[in-house]
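Undergrad: structure for the following, please:
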Amino acid sequence: MAGLQAHPIPSREVMREALNIRHGEELQDKISAARVAVCGLGGLGSNIAIALARAGVGHLHLIDFDRVDLTNLNRQQYAVGQLGQYKTDALRETLSLISPYCDVTCDTIQVTEENLPDLLKTEDYICEAFDRDDPAMMREELGDVLLQVLFHTDIEQDAGRFTLDDVCDTVCKKLVFRHPFLFGGENPGWDELKKREKGNARCRGAFAACLLAGGKAPEKSGKNGLCLGICPGISG
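TA: Sure, this is the predicted structure:
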């Protein structure tokens, strides 16, 4: 994968300044100082590791015992050229292209109750991303999501803005509108559906935010009519 590096790698200082602009220097100091272990580098863990590296996390500890398999490629962050490699080695290679100054350590080992304390004793944060068929854990996670839905809906209902029925109605209408091929409606294509659904709402929102921030009005993209913001937090 080294052949992908066609452009000179920016210096550590230049890359850090770009992150400072994005997150703010104080927050980036905390992110850069963080030590994060990712346990399990499958469909969840490999994506977590890449997201953390892009955010500028200073130290990542990759833990997995498995090798990259062809069946992994549809959802995990590996390439055909990495087939057969240990996932720890393959992901470290990928991370070096994304965040070359991130300190990455690897343990190609299966986590057990016996080795867990030593493996994770120096880490600040631990991401458990194992592939497990655990209905009880799934039930707990879904309960956490449902709690957030009910909690925030109750606040909005007390304020007279919307109810749980409104939330359910909105998501049902969205599913029907976005998937006409399932519900027997016209199917003009995804881009056209999104345009009809959102209209110019994103453009108007970006325009207003820029004006309130004292910036210039965003420009429209000739290709899709979306706004390309020029104020922090709008351009994405």
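Undergrad: show me what contacts residue 85?
TA: 67-68, 93 (Cβ atoms under 8 Å, 6 or more residues apart in numbering). For the C-beta atoms, the positions are set from N, CA and C on the backbone; glycine is no exception.
Undergrad: against residue 64, how distant is it?
TA: From residue 85 across to residue 64, the span is 11 Å (Cβ to Cβ, to the nearest Å).
Undergrad: rewinding a little: tabulate the contacts of residue 85 in CSV, adding columns for neighbour count.
TA: Shown next, in CSV, are those (neighbours: other Cβ atoms under 10 Å):
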residue, neighbour count
67, 17
68, 24
93, 17
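Undergrad: secondary structure for the residues you listed - can I get that in a markdown table?
TA: Listed next are the contacts of residue 85 as a markdown table, based on DSSP: H, G, I helix; E, B strand; the rest coil:
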| residue | secondary structure |
| --- | --- |
| 67 | strand |
| 68 | coil |
| 93 | helix |
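Undergrad: roughly how far apart are the residue most central in space within the chain and residue 97?
TA: Nearest to the mean C-alpha position of the chain, counting by Cα atoms, centre = their mean, stands residue 51 at 5.5 Å. Look at residue 51 and residue 97: by Cβ to Cβ, they are 15 Å apart.
Undergrad: repeat for residue 67
TA: 20 Å.
Undergrad: I'd like to know which of the contacts of residue 85 is nearest to residue 162.
TA: residue 68 (45.9 Å; Cβ to Cβ).
Undergrad: ok, the closest one - contacts?
TA: 76, 78, 82-87, 90.
Undergrad: switch the cut-off to 6 Å
TA: 78, 82-83, 85, 87, 90 (Cβ atoms under 6 Å, 6 or more residues apart in numbering).
Undergrad: so where's this protein uncertain?
TA: Scanning the chain with the threshold set as pLDDT under 70 gives 1-6, 133, 199-236.
Undergrad: what are the buried residues along the longest helix anywhere in the chain?
TA: In the chain, assigned by DSSP state H, the helix with the most residues is helix 135-158. Neighbour-count burial for helix 135-158, counted by 16 or more other Cβ atoms under 10 Å, picks out residue 153.
Undergrad: and it, C-alpha only, in PDB?
TA: Taking Å, rounded to 0.1, in the frame of the first residue of the first chain, the C-alpha atoms of helix 135-158 are listed here in PDB:
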ATOM      1  CA  PRO A 135     -28.700 -11.400  22.800                       C
ATOM      2  CA  ALA A 136     -28.500 -10.100  26.400                       C
ATOM      3  CA  MET A 137     -25.900  -7.500  25.400                       C
ATOM      4  CA  MET A 138     -27.900  -6.500  22.300                       C
ATOM      5  CA  ARG A 139     -31.000  -6.100  24.500                       C
ATOM      6  CA  GLU A 140     -29.100  -3.800  26.800                       C
ATOM      7  CA  GLU A 141     -27.700  -1.700  24.000                       C
ATOM      8  CA  LEU A 142     -31.100  -1.300  22.400                       C
ATOM      9  CA  GLY A 143     -32.500  -0.300  25.800                       C
ATOM     10  CA  ASP A 144     -29.900   2.500  26.000                       C
ATOM     11  CA  VAL A 145     -31.000   3.700  22.500                       C
ATOM     12  CA  LEU A 146     -34.700   3.600  23.400                       C
ATOM     13  CA  LEU A 147     -34.100   5.400  26.600                       C
ATOM     14  CA  GLN A 148     -32.600   8.300  24.700                       C
ATOM     15  CA  VAL A 149     -35.500   8.400  22.300                       C
ATOM     16  CA  LEU A 150     -38.100   8.400  25.100                       C
ATOM     17  CA  PHE A 151     -36.200  10.800  27.300                       C
ATOM     18  CA  HIS A 152     -35.800  13.500  24.600                       C
ATOM     19  CA  THR A 153     -39.300  12.900  23.200                       C
ATOM     20  CA  ASP A 154     -40.800  13.500  26.600                       C
ATOM     21  CA  ILE A 155     -38.900  16.800  26.900                       C
ATOM     22  CA  GLU A 156     -40.200  17.900  23.500                       C
ATOM     23  CA  GLN A 157     -43.700  16.800  24.300                       C
ATOM     24  CA  ASP A 158     -43.700  18.900  27.500                       C
END
